[in-house]
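**Student:** just coords:
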């Protein structure tokens, strides 16, 4: 995206691109010693006709609302003071959204709540993959927490801690349990688990095609995937934008829970 934007900004003149390393398309740089490719293809084939993934899709439902929330650095700091361990801003924002959604849905019968996100495997692989590698290598991370903890008085903190624990666990190996990733996606979709799209590290607001930085960036896919979207804040240095799409009744409850959590300790 940034290379495309640079070319557009230069009106097709690309002398500065000569200083950029050429992209690498060699897929063998990502080692598949355990045969994950065949496992994934087999599991995907077995899912044909399974409509579980439609449980995430809100695009055909009535009264679906979209909203964007901005977490300022001071609000993120207050959230961090409520956790028992150091948590990243990413995990704090996700924990806040997870707890707020669990309360908004009010699933009293569910004993566990589930949260999923993807992680970039490339910087964690050994040997390391060059920065000029053109393509993704993403891993699936799964978090589970007792519902009573997530909707309790320190739900946002408990959610953030659980997410951060999984992130720290990636140091042991990003492909741990990878053989079950496709089946996990099916299970999480069936239960309408909360997932994440985007990241504050992607720098979406610095992508300039020559018209200035974007006024507003939205990941429209969240309406179909049921995910929250995360990006850096355009207006607040160090802030995080969080986007979500929900049915109107759930959105009303989500906003109330989200605002109440952010206000704690203010």
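**Tutor:** Received it, and whenever you're ready, just let me know what you need. As the structure is a computational prediction, the values presented were derived from the model and not from experiment. Numbering: from 1, shown residues only.

**Student:** how many residues are close by residue 218?
**Tutor:** Look at residue 218: counted by other C-beta atoms under 10 Å, it has 17 neighbours. The C-beta positions use only the backbone N, C-alpha and C, and glycine is treated the same way.

**Student:** show me the contacts for it.
**Tutor:** Contact partners of residue 218, counting by C-beta atoms under 8 Å, 6 or more residues apart in numbering, are 66, 68, 229, 243.

**Student:** just the buried ones from these, in ChimeraX syntax?
**Tutor:** Restricted to buried positions by 16 or more other C-beta atoms under 10 Å, the ChimeraX selection for these reads:
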select :229,243
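
**Student:** just put the contacts of residue 218 in TSV and tack on pLDDT.
**Tutor:** Formatted as TSV, the contacts of residue 218 follow (pLDDT from 0 to 100):
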residue	pLDDT
66	93
68	96
229	97
243	96
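
**Student:** tell me the one of the contacts of residue 218 nearest residue 5?
**Tutor:** Nearest to residue 5 among the contacts of residue 218 is residue 229, at 19.7 Å by C-beta to C-beta.

**Student:** output the contacting helices and strands for whichever strand or helix holds the closest one.
**Tutor:** Element membership for residue 229, per DSSP states H and E: strand 228-232. Using 3 or more C-beta pairs under 8 Å, 6 or more residues apart in numbering; DSSP states H and E as the contact test, the elements touching strand 228-232 are helix 89-105, strand 194-198, strand 240-247.

**Student:** what's the closest non-adjacent residue to the residue most central in space within the chain?
**Tutor:** When C-alpha atoms, centre = their mean is applied to the chain, the residue found nearest the centroid is residue 196 (2.5 Å). Closest residue in space to residue 196, ignoring its immediate chain neighbours: residue 117 at 4.2 Å, by C-beta to C-beta, 6 or more residues apart in numbering.

**Student:** you'd agree the one you found is in a strand?
**Tutor:** Yes - counting by DSSP: H, G, I helix; E, B strand; the rest coil, residue 117 is part of a strand.

**Student:** bridging residues for it?
**Tutor:** residue 141 (DSSP bridges).

**Student:** for residue 34, see how far away the residue lying closest to residue 36 once chain neighbours are set aside is.
**Tutor:** Nearest residue to residue 36, sequence neighbours excluded (C-beta to C-beta, 6+ apart): residue 178, at 5.6 Å. Separation of residue 178 from residue 34 (C-beta to C-beta, to the nearest Å): 8 Å.

**Student:** ok, residue 183 next?
**Tutor:** Separation of residue 183 from residue 34 (C-beta to C-beta): 16 Å.

**Student:** do residue 5 as well
**Tutor:** 38 Å.

**Student:** mind checking which of the two has more residues around it?
**Tutor:** residue 5 (15 against 11).

**Student:** returning to that earlier point: please identify the deepest-packed of the helices and strands packed on strand 228-232.
**Tutor:** With neighbours defined as mean count of other C-beta atoms under 10 Å, the helices and strands packed on strand 228-232 peak in mean count at helix 89-105, which reaches a mean of 25.

**Student:** list the buried residues for stretch 229-240?
**Tutor:** 229-234, 239-240.

**Student:** neighbours of the residue nearest to residue 196, how many?
**Tutor:** 24.

**Student:** out of the contacts of residue 218, who's nearest residue 213?
**Tutor:** Residue 213 lies nearest to residue 68 out of these, by C-beta to C-beta, at 16.3 Å.

**Student:** identify the bridge partners of that closest one.
**Tutor:** Residues in beta-bridge contact with residue 68 (DSSP bridges): residue 243.

**Student:** cheers, nothing more for now.
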